[in-house]
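[1] Return atomic coordinates for the entry below.
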Amino acid sequence: MSSFEFEGMTFTIDPMTLRESVDAPGALARWCAANPRDPRTVAHLRILGRLEEAEALGRVLLADSPAHPVARASLRTRFAQVLQWQGRFETADEEFSRAAEETGLSDDPTAPSSILALAAVLQHRAKNRFEHALVAEAGERPRLSARLMDAALEDARRSLAIREGLRASEDRILSSRETVARLERDGEG
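    Now for the predicted structure:
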């Protein structure tokens with residue numbers, strides 16, 4: 001199970017759902033209250049289950065869009081994750097695709113920071129497509145589920161290849177490996 005640290009809190013990623021949780025929700029809520037315009041607050045509110053607040057903040061911050069395309073892509077990815085957690089998979093997928101495009105709009109789209117940002121977008125889009133595939137399967141839509149699972153696995157593998165190729169941090173590579181492994185397990189079932 002992968003995890004990461006932020007401000008003394010530990011975030012873990014559930015290996016079955018691929019969703020994050022935090023060990024100190026009260027501390028995270030206090031951090032969000034103290035940082036109401038920080039783009040990371042969108043993700044943190046999502047993790048706390050405060051999806052309507054996270055969506056509203058994401059919309060406000062996107063309207064005040066950061067000038068740098070990679071920063072905008074990162075913010076759009078956080079916003080898309082909120083939509084995903086709300087079950088709005090198609091809309092989330094559109095936002096993830098826009099974020100992927102934005103990573104290529106920087107002054108140097110071949111810079112490692114731009115390409116690593118693309119890897120993050122691809123991994124999160126893979127998780128959205130994975131959840132959408134599970135919902136489609138439960139709704140007895142096997143062809144849609146299979147298409148979404150294939151697309152999810154392709155995105156996850158591309159993200160892993162980018163991260164390994166650019167020697168991203170070990171926690172990022174581990175997260176990508178776990179995502180690929182989870183999708184491969186479900187694809188076999």
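
[2] Spatially central residue for the protein, please.
    Nearest to the mean C-alpha position of the chain, by Cα atoms, centre = their mean, lies H124 at 3.1 Å.

[3] in a helix, that's where it is, yeah?
    Yes: H124: assigned to a helix according to DSSP: H, G, I helix; E, B strand; the rest coil.

[4] distance of it from R158?
    In this view, H124 and R158 are 12 Å apart by Cβ to Cβ, to the nearest Å. C-beta here means a position set from N, CA and C on the backbone, and glycine is covered the same way.

[5] Spatially nearest residue to S97, not counting backbone neighbours?
    Counting by Cβ to Cβ, 6 or more residues apart in numbering, S97 lies nearest to R125, which is 7.4 Å off, once chain neighbours are set aside.

[6] For stretch 163-176, what does the pLDDT average out to?
    Regarding stretch 163-176, the rounded mean pLDDT is 95.

[7] Would you mark the buried spots in that stretch?
    R163, A168, R172, I173, L174, S175, S176 (16 or more other Cβ atoms under 10 Å).

[8] What of stretch 29-36?
    For stretch 29-36, the neighbour count (16+ other Cβ under 10 Å) marks W31, C32 as buried.

[9] and for it, what are the contacting residues?
    Applying Cβ atoms under 8 Å, 6 or more residues apart in numbering, the external contacts of stretch 29-36 come out as E7, M9, T41, H44, L45, L48, L57.

[10] so which pair among those residues is furthest apart in space?
    M9 and L57 (19.2 Å; Cβ to Cβ).
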